[in-house]
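Q: Mind looking at a prediction? Sequence and model below.
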Amino acid sequence: MERFCREDVSDLSLSQAFYKLLDEKQEYHCSLSTLYRIFATKGLNKKRAPTRDARCRYRPTSYQATGPNQVWTWDITYFRTSRYTGRFYYAYVIIDVYSRFIISAQVYEADNAEYAKAFLSEAFKSQGVRPGTLVVHSDNGASMKAASTQALLKDCGVQFSHSRPRVSNDNPYSESFFRTLKYSGDYLYPTYGFESLEEAQKWLTGFVTHYNEEHRHSGIRMVTPGSRFRREDKDILLRRESVIKRAQ
């Protein structure tokens, strides 16, 4: 065992060291299987080659929302059309991270920077966003990183946050919402598709109203996104506690 810990072979794997000594030094001390068994018995059968410390090259910047309209996340998903195979409508959706409230949801005919700019601009106006008060997170889609989209964010004083390259789970709130949208049991997504853009928008508007005001979200203590966005959730939770105490 001592021979395989010497400087000339200590950085090699046991199999590499075994055959190096056999070929270059004509040294044979035991079979390779015996060598592995001996090192395993001594607790030394570990990686012998020098390695670098693990490093994360792309450390995500995290933002904490303590109230509504501090951090938004947005993304785009497709809706099928019922008339044409391979043709889609595109649903643009903004979520308030603190409350999970849907700030805006619009259906367009394409996924492009022109629609993205108009969509975001209208949302900023509807919520009266002031410069320096909002972070908007998205993935690395072309519409999100387009020059016109970035210019709008800069002009409005909105900080831009985006997912790390090739990382699929850096936009979890939007991905979770889209899963609920398409697989919810109490407001079924029409898997056959939509006849028109207007029909798709009507269905999405109805779903968002249901989600904001009827759907009790597990991530915000089972209150609705609307009640949390309006800061009504504390009173709701106090009433729940009162009902439970009376029942007990």
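A: All right, it came through fine. Numbering: from 1, shown residues only.
Q: By residue count, tell me the biggest helix in this protein.
A: Selection of the longest helix in the chain by residue count, based on DSSP state H, yields helix 197-213.
Q: Report the rounded mean pLDDT for that helix.
A: Confidence for helix 197-213, expressed as mean pLDDT, is 96.
Q: which element follows that helix toward the C-terminus?
A: Counting by DSSP states H and E, the element after helix 197-213 in chain order, helix or strand, is helix 225-229.
Q: could you dump that next one to PDB, C-alpha only?
A: As requested, the backbone C-alpha atoms of helix 225-229 are provided in PDB (Å, rounded to 0.1, in the frame of the first residue of the first chain):
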ATOM      1  CA  PRO A 225     -53.600  36.200  -4.800                       C
ATOM      2  CA  GLY A 226     -56.100  39.000  -5.000                       C
ATOM      3  CA  SER A 227     -56.600  39.200  -1.200                       C
ATOM      4  CA  ARG A 228     -52.800  39.200  -0.600                       C
ATOM      5  CA  PHE A 229     -52.200  41.800  -3.300                       C
END
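Q: returning to what we had before: quick one: buried residues of the longest helix of the chain?
A: Within helix 197-213, the residues that qualify as buried are 199-201, 203-204, 207-208, 211-212, counting by 16 or more other Cβ atoms under 10 Å. From N, CA and C alone the C-beta is placed, and that goes for glycine too.
Q: Which residues does that helix contact?
A: The contact list for helix 197-213, computed with Cβ atoms under 8 Å, 6 or more residues apart in numbering, reads 79, 89, 91, 101-102, 105-109, 177, 180-181, 184, 186-187, 189-190, 194, 224-226, 229.
Q: The helix or strand encompassing residue 151 - contacts with which helices or strands?
A: Secondary structure here is read from DSSP H and E; on that basis residue 151 sits in helix 147-155. Packed against helix 147-155 by the contact rule (3 or more Cβ pairs under 8 Å, 6 or more residues apart in numbering; DSSP states H and E) you find helix 113-127, strand 159-162.
Q: Who are the packing partners of whatever helix or strand comes next after the shortest one?
A: The reference is to strand 159-162. Where DSSP H and E defines the elements, the next helix or strand beyond strand 159-162 is helix 172-183. The criterion is 3+ Cβ pairs under 8 Å, 6+ apart, and the helices and strands that helix 172-183 contacts are strand 71-80, strand 88-96, helix 197-213.
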